[in-house]
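Undergrad: sequence and predicted structure are below.
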Amino acid sequence: MSSNRRKFIKQLGSTIILTSAGLTSLAAQEEHERRILRAEKRISANDKIRIATIGMGIMGFNDTQAALHSQGVELVGCCDLYKGRLERAKEVFGQNIFTTNDHHAILDRKDVDAVIIATSDNWHSRIAIDAMRKGKAVYSEKPMVHYLNEGLGEIQVQKETKMVFQVGSQRVSSLAFKKAKELYQAGAIGKLNSIHASFNRQSALGAWQYTIPLDASPATVDWDKFQATEQKKYAYDSNRFFRWRNYREYGTGVAGDLFVHLLSGIHFITDSKGPDKIFSVADLAYWKDGRNVPDVMTAVIHYPETKEHPSFQVSLQVNFISGEGEVGYTRMIGSEGVIDISDDSGFTIHKNKMPVAPGYGGWDSYETYPLAMQKAIADDYNKKYSDADKQTPKTETITYQSPEGYNSSFDHFDNFFDSMRTGKPVVEDAEFGFRAAAPALACNESYFQNKIIHWDPIGMKLI
Ligand SMILES: NC(=O)c1ccc[n+]([C@@H]2O[C@H](COP(=O)([O-])OP(=O)(O)OC[C@H]3O[C@@H](n4cnc5c(N)ncnc54)[C@H](O)[C@@H]3O)[C@@H](O)[C@H]2O)c1
């Protein structure tokens with residue numbers, strides 16, 4: 001895109017003169033140009049990036065496919081603890097790929113430049129640290145850590161090794177979030193004061209009761225390695241392995257799994273480093289299948305004023321037995337409007353401004369005063385305010401729809417590989433990743449310890 005055109009788009013964003021149709025067609029045009037640029041990008045044979053994926057479950061397959069969508073990327077190997085998934089990896093990516101159940105065997109390979117870590121949450125931080133120390137770039141799935149005390153150590157290793165490291169909350173690269181950020185930063189909703197965001201579901205799969213293969217057993221699953229991160233050991237249990245999200249020992253509950261996406265989007269748009277107070281309540285309302293994490297959780301989180309943003313309040317909810325069905329949104333409320341973001345697909349801005357004049361009459365004390373006083377008040381009011389002051393400014397709605405078939409994971413991987421090739425900063429580095437993960441994990445702490453969690457968003461530690 002020419003720099004003139006980029007400047008033009010920036011100007012449009014910052015002056016908010018776009019009509020709804022204009023914004024959407026601009027998005028389509030931008031996407032068209034991006035696709036041309038992508039196709040034109042020539043990657044020489046010795047500029048190939050060779051990747052391996054560690055954790056070859058649902059997201060391992062998705063991430064690998066998204067990564068291979070980027071130019072000049074090749075898959076070398078896959079690592080997983082269940083044999084059937086390694087077999088499937090060969091079916092999908094070719095019989096020649098290297099497969100193993102030992103992540104060290106991946107990291108020891110000289111032909112691997114970068115790893116995708118898509119294991120259960122309990123392994124993210126350990127494998128990321130091992131990988132960076134072995135000189136590999138890391139794309140780590142969210143949440144960056146399983147426990148709050150893992151974050152600073154991982155950030156330190158990234159600083160020491162200087163390896164390219166990106167966390168996998170793809171909405172940070174999403175076109176819809178980028179455009180919403182531009183308009184928010186340009187004042188589209190006035191001064192932000194609160195945000196409501198949620199991820200609601202109403203299905204067994206949505207509530208993490210994933211399909212278990214018929215051959216699941218200690219013969220096909222490396223159960224000891226799976227639970228090696230925890231002191232307390234359990235007898236083999238297919239539910240714990242294939243539905244690990246339902247157990248705190250390997251997962252991070254609805255907060256670590258889903259609040260973290262909501263917080264990543266919020267931090268990205270507001271440029272926030274994070275909150276100072278976190279409180280949550282929760283229940284296990286419906287999915288009583290042996291899980292030890294709640295299925296309905298509501299959190300109230302406070303963000304202090306900083307140079308990047310005013311103070312604001314966030315309420316987050318995940319409801320896995322929601323009569324609303326599968327609904328997720330982020331609603332940012334400001335003094336002059338609302339941004340309603342529905343994931344990657346787009347957003348709507350409703351602009352509502354107050355008139356300058358406060359008004360009188362109606363549900364007001366005005367009519368409780370003697371007639372003479374009412375007349376005096378009316379005369380005084382009319383002297384003070386012009387007709388223009390009394391007008392309620394016209395409401396305005398701006399809608400942005402991401403281009404058909406848009407997938408933010410492709411952009412997130414493009415950003416990661418661009419950083420590897422050019423040295424330009426990643427869009428979601430370790431500090432960003434931990435600053436989003438930590439308040440999410442603090443929601444679990446708040447619920448399980450029944451207390452308000454105080455957090456230092458700059459120092460990234462509990463107070
Ligand atoms: N960014 C997103 O939108 C998104 C979406 C879904 C999942 N995720 C994240 O991706 C991760 C994986 O989720 P999933 O749904 O694919 O889970 P999954 O259960 O389908 O797959 C996890 C795989 O990791 C493997 N594994 C566990 N420990 C391992 C180890 N030490 N070495 C090698 N393999 C190991 C398991 O064998 C399993 O096959 C989670 O952390 C989740 O939060 C992110």
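TA: Great, that's in hand.
Undergrad: which helix or strand contains the most centrally placed residue in the chain?
TA: Geometric centre of the chain, nearest residue: His261, 2.7 Å, by Cα atoms, centre = their mean. According to DSSP states H and E, His261 maps onto helix 260-270.
Undergrad: do the same with Val254
TA: Counting by DSSP H and E, Val254 is part of helix 253-254.
Undergrad: mean confidence (pLDDT) on that helix, please.
TA: Taken as a whole, helix 253-254 has an average pLDDT of 98.
Undergrad: that helix near the ligand at all?
TA: No. Under the criterion of Cβ under 6 Å from any ligand atom, helix 253-254 makes no contact with the ligand; the nearest approach is 11.0 Å. Every residue, glycine included, has its C-beta placed from N, CA and C.
Undergrad: touching that helix from outside, list them.
TA: 199, 245, 282, 293-295, 297, 318, 320, 444 (Cβ atoms under 8 Å, 6 or more residues apart in numbering).
Undergrad: again, but for stretch 355-363
TA: 366-367, 377-378, 381, 384-385, 388-393.
Undergrad: over to stretch 94-108?
TA: 52, 54, 75-81, 83, 86, 89-90, 109, 112, 115, 123, 127, 130-131, 134, 136, 222, 225.
Undergrad: buried subset of those residues?
TA: Buried members of the contacts of stretch 94-108, counted by 16 or more other Cβ atoms under 10 Å: 52, 54, 75-81, 83, 86, 89, 109, 112, 115, 123, 127, 130-131, 134, 136, 222.
Undergrad: got phi/psi on Arg243?
TA: phi -130, psi 50 (degrees, to the nearest 10).
Undergrad: what does Arg50 give?
TA: Taking degrees, to the nearest 10 as the convention, Arg50 sits at phi -110, psi 130.
Undergrad: look up how far Ile339 lies from it.
TA: 40 Å (Cβ to Cβ, to the nearest Å).
Undergrad: quick one: which of the two has more around it?
TA: Ile339 (25 against 16; other Cβ atoms under 10 Å).
Undergrad: isn't there a strand covering that one?
TA: Yes. Under DSSP: H, G, I helix; E, B strand; the rest coil, Ile339 falls within a strand.
Undergrad: got a list of what it touches?
TA: 180, 183-184, 188-189, 330-332, 347-349.
Undergrad: residue of the stretch 351-463 of the chain nearest the ligand, please.
TA: Scanning the stretch 351-463 of the chain for the residue nearest the ligand gives Ser409, at 7.5 Å (criterion: Cβ to the nearest ligand atom).
Undergrad: host element of that residue?
TA: Ser409 belongs to helix 408-422, assigned by DSSP H and E.
Undergrad: what are the buried residues along that helix?
TA: 408-420.
Undergrad: in TSV, list those along with pLDDT.
TA: Output for the buried residues of helix 408-422, formatted as TSV (pLDDT from 0 to 100):
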residue	pLDDT
Ser408	95
Ser409	97
Phe410	96
Asp411	95
His412	97
Phe413	98
Asp414	96
Asn415	96
Phe416	97
Phe417	97
Asp418	96
Ser419	96
Met420	96
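Undergrad: show me which residues of the stretch 101-250 of the chain sit near the ligand.
TA: 103, 118-121, 123, 141-142, 168, 170, 225-226, 244.
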